[in-house]
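Participant: using only what follows, build the 3D model:
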Amino acid sequence: MSAPVRLIHRVEPLLGESATGFLMRVSHLNGLQSPLELLKYVTGSESATVQYQHISELAYFCRNTVDEMLQLSGYEKWVNSEPHWSLQSEWLTKSVFVQNRLTKVCPVCLAESPYLRALWALSFYNHCAWHDCQLIERCPGCKRLLKWDRRRPEYCSCRQYLGSVGVGSLQGNGLLLSKAIAFRLTGDDFLVRSTMNQKLFEQLVGLSIDGICKSIWFLGHCLPELGQHSTGHGRKKPSSGVFELMVDNAFFNLCNWPGAIGQQLERLISQQLQPEFSAVAFHYLLRPLDHYLKTSLDNAELAFIGHVYEQHLQKIWRRFGKKNTGSRYEKQLILDF
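Facilitator: Here you go, the predicted structure:
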């Protein structure tokens with residue numbers, strides 16, 4: 001639907017700003033209750049996700065150009081019957097990688113400039129890459145999760161100012177991941193100079209943001225939890241504790257590549273299938289990993305994971321006295337790890 005009128009006050013989008021955060025600032029300046037009210041008026045939707053096809057309508061209503069609106073992140077676009085989400089110049093392909101209905105913030109960033117950074121909506125971005133602190137997702141006043149449709153970016157719905165929240169300095173894998181993601185999107189050399197593990201940092205920034213997320217998900221979640229979930233189990237967005245463990249698991253595999261993935265596979269398969277090993281049980285156990293490989297990692301960028309994974313499986317299979325696994329990569333050169 002087309003909006004019959006336009007707002008009075010125009011707001012200029014900021015570099016790296018999220019679409020919902022921008023609409024939050026627009027709504028506040030024009031006397032609306034929330035971005036939800038604005039979206040409902042323009043599109044008829046109450047969704048926390050701004051649809052790509054509504055960009056021109058929103059641009060007209062907010063007195064912006066389409067090009068200005070396209071600078072924002074967080075739009076949902078359907079490609080080949082599957083949803084994708086924009087993150088600055090890149091696209092994410094899994095809903096588990098995006099947080100729409102809740103927001104995380106860096107209090108230091110908000111104090112410097114009160115707008116929502118697009119990076120904060122990424123599930124795997126839980127630390128500020130520039131201030132080395134953990135993002136907060138709960139208001140220090142009312143203790144509730146920060147909603148996406150509050151009136152102002154720098155205030156909770158309870159009117160608690162978020163820019164004054166005390167934060168401490170952090171180190172660890174979660175922070176390294178955030179720095180790699182931020183560098184991938186911004187190219188800020190400061191992030192390179194402030195990084196401890198340069199080798200792992202270089203490994204990560206060579207991937208797309210979607211590739212980084214998929215690698216962390218497979219190596220940090222799917223692989224270590226082999227045998228705990230069925231092929232079609234629901235994918236929940238990771239909580240802070242689960243996130244830290246997932247990143248630690250993934251980074252251990254990457255830092256000890258390619259041997260660690262084989263050691264982990266052999267240990268998990270032996271635990272699940274001993275004392276009796278059968279081909280049926282072997283393939284059934286690995287179905288969740290195979291499914292994620294085929295649906296999410298089957299591309300040139302992430303083929304390095306699939307090749308190593310399946311060649312390790314062939315070695316494990318032969319150790320149990322079998323000839324081959326029926327691997328998709330069986331015609332490839334077998335690496336000697």
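Participant: where exactly do the strands run in the chain?
Facilitator: Along the chain, counting by DSSP state E, strands occupy 50-51, 75-79, 82-87, 90-92.
Participant: distance of the residue nearest the centre of the chain from residue 59?
Facilitator: Taking CA atoms, centre = their mean, the centroid of the chain lies closest to residue 97, which sits 3.3 Å from it. As judged by CB to CB, to the nearest Å, residue 97 and residue 59 stand 26 Å apart. Quick note: C-beta positions are derived from backbone N, CA and C, even for glycine.
Participant: before we move on, the earlier item: can I assume the residue nearest to the centre of the chain is in contact with residue 211?
Facilitator: No - counting by CB atoms under 8 Å, residue 97 stays clear of residue 211, with 11.1 Å between them.
Participant: report pLDDT for residue 145.
Facilitator: According to the predicted model, the pLDDT of residue 145 comes to 94.
Participant: ok, it - contacts?
Facilitator: Under the criterion of CB atoms under 8 Å, 6 or more residues apart in numbering, the neighbours of residue 145 are 102, 137-139.
Participant: from those, which is closest to residue 243?
Facilitator: Nearest to residue 243 among those: residue 137, at 11.3 Å, using CB to CB.
Participant: and the nearest residue to the closest one once chain neighbours are set aside, how far from residue 227?
Facilitator: Excluding its sequence neighbours, the residue lying closest to residue 137 (CB to CB, 6 or more residues apart in numbering) is residue 104, at 4.6 Å. For residue 104, the distance to residue 227 equals 32 Å [CB to CB].
Participant: in contact with residue 25, which residues?
Facilitator: With contact set as CB under 8 Å, 6+ apart, residue 25 has these partners: 11, 115, 152-153.
Participant: please repeat the previous calculation with a cut-off of 6 Å.
Facilitator: The contact partners of residue 25, taken as CB atoms under 6 Å, 6 or more residues apart in numbering, are residue 11.
Participant: same thing with residue 183?
Facilitator: By CB under 6 Å, 6+ apart, the contact set of residue 183 is 191, 205.
Participant: residue 292 versus that one, what's the distance?
Facilitator: Residue 183 is 26 Å from residue 292, where distance means CB to CB.
Participant: same question, residue 91
Facilitator: To residue 292, residue 91 is 19 Å away according to CB to CB.
Participant: who's more crowded, those two?
Facilitator: More crowded of residue 91 and residue 292, by other CB atoms under 10 Å: residue 292, with 19 against 15.
Participant: apart from its neighbours in sequence, what residue is nearest that one?
Facilitator: In space, and not counting its chain neighbours, residue 292 is closest to residue 222: 5.3 Å by CB to CB, 6+ apart.
Participant: quick one: the helices in the stretch 151-300 of the chain, in order.
Facilitator: In the stretch 151-300 of the chain, helices defined by DSSP state H, counting those that start in this stretch lie at 173-186, 189-193, 198-205, 209-217, 240-255, 259-273, 279-296, listed in chain order.
Participant: what do you get for the stretch 1-150 of the chain?
Facilitator: Counting by DSSP H, counting those that start in this stretch, the stretch 1-150 of the chain has these helices, from start to end: 19-29, 35-43, 55-62, 66-70, 107-112.
Participant: nearest to residue 288, of those?
Facilitator: Shortest separation from residue 288 across these is recorded for helix 19-29, at 32.9 Å, computed as CB to CB.
Participant: residues of the closest one that come out buried?
Facilitator: Using 16 or more other CB atoms under 10 Å as the test for burial, helix 19-29 gives 19-28.
Participant: average pLDDT across it?
Facilitator: In this model, helix 19-29 carries a mean pLDDT of 96.
Participant: report the distance from that helix to the chain centre.
Facilitator: Centre-to-centre, helix 19-29 and its host chain are 23 Å apart (CA atoms, centre = their mean, to the nearest Å).
Participant: and the angle from that helix to helix 35-43?
Facilitator: Helix 19-29 and helix 35-43 are oriented at 100 degrees to each other (axes from the mean of the first three to the mean of the last three CA atoms, to 10 degrees).
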